[in-house]
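1. Please find the sequence and the predicted model below.
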Amino acid sequence: MRRENPAFAAVLGLILAAVGCVSFMGRQSAARTPARSQAKTSQPTVGTTFKNIQVLTDLKDQPPAQLYNAMQFMAGSLSVSCNYCHVSEHGPFDSDAKKTKLVARKMIQMTRAINANSFGGPQLVTCNTCHQGSLHPNAVPTPWYKTAEQVAEYNQAAGANSAASASAAAQVAPASEKTAASLPSVNQIMERYRQVVGASGLKSLRLKGTNLVAVAGNFAPVPFEFDFSFPDQMLVSQGVAGAESKLVISGQHGWRGNSQGFTTLPAEQLPLFRSRMQELSPVKDETPGAPAKVAGVESIGGKDYYVVESTLPVGVHKLFFDVQSGLLYKSRMEETTALGRKVEEQTFEDYRNVDGVMLAFLITNHYMEEESVYRISSAETNVALAPAMFTPSSKGQAQ
């Protein structure tokens, strides 16, 4: 299940996550709002939007995003795209013409039966338990191939004997407590990050560059321009000159269109778009209103990062801050779906100082079934942005 217009979606990537496509609409991410409260609204549901739902019937009263998320989880577990089970990237998705879709139904029933009969219901066995990113699960174990260093690590972890294990346990507990006690607080990490970024005096920002969505077809990079007027106005222009598609957000209002005219975005999509603004904004925040804690220190590529973890109704959001520089390296969203936990990550690299503001010039969005890579070519701070840019008319007057 993929985008209806590949070239259009390839450009918008994160920003147009919920407009005109299935895969990206899945990124509306019900994580920010409890599923049970969404189901009570008059918005479309899985049951009213899709036909031929035979197995995931428990989702029929849920928002379409719940089904999209489950499909993304399956795609990521097998490292495939939507047309592996469906007749094409564009549908019809209710068709049962492909055998792989019929097999997928049986696999969902099998994993649910295992969880119900063997584990009392919790979602312990999923598609990824066996597939691990492969079309065909590997039923043959790998022989023991370990270096001397790996053997030493193994012995240290397992304990050479019970006495050594007991001694190690006695030594580990105080060390862990000391490490936890020495960690900075969430507020300290976030305040240092904001100071390092240096965006306190930033009123507007213009970014230009290219976006590439890496999937089976390998779309070509497409130019884009993002204009921000903080705190809550944004104009996204993408595509070649004369044929740009645009997205405008101003406070509680939003539009999409082109030089021919604009249509109003549904109110329920605006929270998503505002959250997507943050991913290209100089400063990212912990999830508003969610309980947050410092989960510890994680080493990635030889560097240590403080992990700020926010607990959401249907998942966990993590931010990884460089212990040395204080800059944000990664944002990770783990969201529970009907079939398993879906993971999305954004990495922020190639930081550069632009008029005293630290900006990431390489932003990569890692989804379950693709990557979207933003390469910033130029950045301007506190540029003069006309108010009319953020109030488009039906005649397409947004500049």
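-> Noted; the coordinates are in hand.

2. What residues sit buried inside stretch 339-349?
-> Leu339, Gly340, Arg341, Lys342, Val343, Glu344, Glu345, Gln346, Thr347, Phe348 (16 or more other CB atoms under 10 Å). All C-beta spots, glycine's among them, are computed from the backbone N, C-alpha and C.

3. Quick one: distance of it to the chain centre.
-> With CA atoms, centre = their mean, to the nearest Å as the basis, stretch 339-349 stands 5 Å off its chain's centre.

4. Can you tell me what sits against it?
-> 14, 27, 29, 69-70, 72-74, 76-77, 108, 111, 123, 126-128, 279, 315, 327-336, 360-368 (CB atoms under 8 Å, 6 or more residues apart in numbering).

5. before we move on, back to that, nearest to Glu191, of the buried residues of stretch 339-349?
-> Phe348 (18.4 Å; CB to CB).

6. That closest one pairs with what?
-> Ile363 (DSSP bridges).

7. likewise Phe224?
-> What pairs with Phe224, by the bridge criterion (DSSP bridges), is Gly209, Gln238.

8. which strands and helices sit next to the host helix or strand of Ala116?
-> Element membership of Ala116 [criterion: DSSP states H and E] is helix 99-119. Where contact means 3 or more CB pairs under 8 Å, 6 or more residues apart in numbering; DSSP states H and E, helix 99-119 is packed against helix 127-131.

9. List the buried residues in the helix it packs on.
-> Buried residues in helix 127-131, counted by 16+ other CB under 10 Å: Cys127, Asn128, Cys130, His131.

10. Could you do stretch 259-266 as well?
-> Phe262, Leu265.

11. returning to what we had before: and the buried ones among the contacts of stretch 339-349, selectable in ChimeraX?
-> Only the buried entries of the contacts of stretch 339-349 go into this ChimeraX selection, using 16+ other CB under 10 Å:
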select :14,27,29,69,70,72,73,74,76,77,108,111,126,127,128,279,315,327,328,329,330,331,332,333,334,335,336,360,361,363,364,365,366,367,368
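
12. Strands of this protein, residue ranges please.
-> In the chain, the strands defined using DSSP state E lie at 204-214, 222-229, 233-238, 245-250, 253-258, 261-264, 292-300, 303-312, 315-322, 328-336, 341-354, 357-366, 371-381.

13. what does the average pLDDT come to for the shortest one?
-> What strand 261-264 shows for mean pLDDT is 87.

14. by contact count, what packs against that strand?
-> Using 3+ CB pairs under 8 Å, 6+ apart, strand 261-264 sits against strand 253-258.

15. and if we set it to 10 Å?
-> For strand 261-264, the packing partners by 3 or more CB pairs under 10 Å, 6 or more residues apart in numbering; DSSP states H and E come out as strand 245-250, strand 253-258.

16. can you state the direction angle for the first one and strand 253-258?
-> Using axes from the mean of the first three to the mean of the last three CA atoms, to 10 degrees, the direction of strand 245-250 lies 160 degrees away from that of strand 253-258.

17. Buried ones in strand 245-250, by neighbour count?
-> Ser245, Lys246, Leu247, Val248, Ile249, Ser250.

18. How far off centre is it?
-> That offset, for strand 245-250, works out to 21 Å (CA atoms, centre = their mean).

19. Which neighbouring elements make contact with that strand?
-> Contact partners of strand 245-250 among helices and strands, from 3+ CB pairs under 10 Å, 6+ apart: helix 6-12, strand 222-229, strand 233-238, strand 253-258, strand 261-264, helix 270-280.

20. Nearest approach to Gly289 belongs to which of the ones you listed?
-> helix 270-280 (12.3 Å).

21. That closest one - what's its average pLDDT?
-> Computed over helix 270-280, the average pLDDT equals 71.

22. now stretch 351-364
-> For stretch 351-364, mean pLDDT is 95.

23. same thing with stretch 45-55?
-> For stretch 45-55, the per-residue pLDDT averages 89.

24. in it, what's buried?
-> For stretch 45-55, the neighbour count (16+ other CB under 10 Å) marks Thr45, Val46, Phe50 as buried.

25. I figured Val213 hits Gln238, correct?
-> No - Val213 is not in contact with Gln238 according to CB atoms under 10 Å; the separation is 11.8 Å.

26. quick one, which of the helices and strands packed on strand 245-250 is packed in tightest?
-> Highest mean neighbour count of those: strand 233-238, a mean of 23 (counted as mean count of other CB atoms under 10 Å).

27. how much does that strand deviate in direction from strand 245-250?
-> Relative orientation of strand 233-238 versus strand 245-250 (the same axes, to 10 degrees): 180 degrees.

28. Distance from the chain centre to strand 233-238, please.
-> 20 Å.

29. Equivalent analysis for stretch 199-218, please.
-> In terms of CA atoms, centre = their mean, the centre of stretch 199-218 is found 15 Å from the chain centre.

30. Could you export the buried residues of stretch 45-55 as a markdown table, including distance to Ser372?
-> A markdown table is the format used below for those (distance: CB to CB, whole Å):
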| residue | distance to Ser372 |
| --- | --- |
| Thr45 | 28 |
| Val46 | 26 |
| Phe50 | 25 |
